[in-house]
Every structure is written in C-alpha cells, then in structure tokens.
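starting from these lines, generate the structure:
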Amino acid sequence: MFDYVPTESRDESFVLASCLFSEHGHELAEAAAMLGGASAEAKVVSCALQIVEAGTITPHIEMDLITLFRLFSLERVGDPECIETMLFLGISPSSPQVETICLLTDMLANILDAIDVAA
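Okay, the predicted model is just below:
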C-alpha cells in the first residue's frame, strides 16, 4: 500500500514507523477498520502519507501513532458509547486477524518507545 522505504540514515523511531507503514500498511488499515471503522482506517492512510512527506516524526505524526496504539490496544473497548466496543464484539477470538492486531500493537509500542527514548 505504502511503498516508501527509507534510504537515508535517520532516527530509530522514524525508521521503525517508515518500515511499519511500508511493510504492513495493508494490515494496519484493515485492522484499524475492524477496530475503529472508516475513520480509523483513514487515520492510518493519513499517518502513512505524513511520514512519507515529513521525513521525520513530527508532533502530529506522534499523536496519530498514539491514537492508533490506543485503538489497537483496545483502550476504549468496554465503553458502551464507543464504536470500538461494538466493532470489537464482532471479532472472533480465534480469527487470524487477532494475532495480526497483537503484532501490530507491539510494533506501534516499539515506535512509541523509540520516540520516548529520543525525546
């Protein structure tokens, strides 16, 4: 989906984010749609495009990554007023997408950890 591959030496968080979106962009978008609907899927696309254009982790990109991490870590699941709760109820625990979501969540956590270390 997102064919940008970093060619310059850059900070670790940027390299991790670039690789995540270039190598797992489709999975990120599909998982975001499963967990948060069309607006969450659009957030993935927007974040990917910002990473390509910015060439570094900007404060806006960092906030988008935090938002995606919260979505993937099911932070709002359980709140009956949130779409995330309704969408989560439709996911079977035995679905192969569950493992993918867990792996993507770990990757997002690694990026956020790298951002914290660099700060």
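
point out where the chain drops to low pLDDT.
1-10 (pLDDT under 70).

give me phi/psi at the residue located most distally from the centre of it?
Distance from the C-alpha centroid of the chain, by CA atoms, centre = their mean, peaks at Pro80 (23.2 Å). Main-chain torsions, Pro80, degrees, to the nearest 10: phi -60, psi -10.

ok, it - contacts?
By CB atoms under 8 Å, 6 or more residues apart in numbering, the contact list for Pro80 is empty. Yep, even glycine has a C-beta here, placed from its N, CA and C like the rest.

and for Leu68, the neighbour number?
25 (other CB atoms under 10 Å).

how many residues are close by the residue lying closest to it once chain neighbours are set aside?
The shortest distance from Leu68 to any non-neighbouring residue, by CB to CB, 6 or more residues apart in numbering, is to Leu108 (5.9 Å). Residues lying near Leu108 (other CB under 10 Å) number 22.

quickly note the distance from the residue with the shortest distance to the centre of the chain to Val15.
Nearest residue to the geometric centre of the chain (CA atoms, centre = their mean): Leu68, 4.4 Å. Computed as CB to CB, to the nearest Å, the Leu68 to Val15 distance reads 18 Å.

do Leu74 as well
For Leu74 relative to Val15 (CB to CB), the value is 27 Å.

again with Val117
13 Å.

what about those two, which has more around it?
Using other CB under 10 Å as the criterion, Val117 and Val15 rank with Val15 on top: 15 against 10.

in what helix or strand does that one lie?
helix 12-54 (DSSP states H and E).

from the contact counts, what lies against that helix?
helix 59-72, helix 83-89, helix 96-118 (3 or more CB pairs under 8 Å, 6 or more residues apart in numbering; DSSP states H and E).

can you put the ones you listed in CSV and add distance to Val52?
Formatted as CSV, the helices and strands packed on helix 12-54 follow (distance: least, CB to CB, whole Å):
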stretch, distance to Val52
helix 59-72, 11
helix 83-89, 27
helix 96-118, 15
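
and those, which is most packed in?
Ranked by mean neighbour count under mean count of other CB atoms under 10 Å, the helices and strands packed on helix 12-54 are led by helix 59-72, which reaches a mean of 18.
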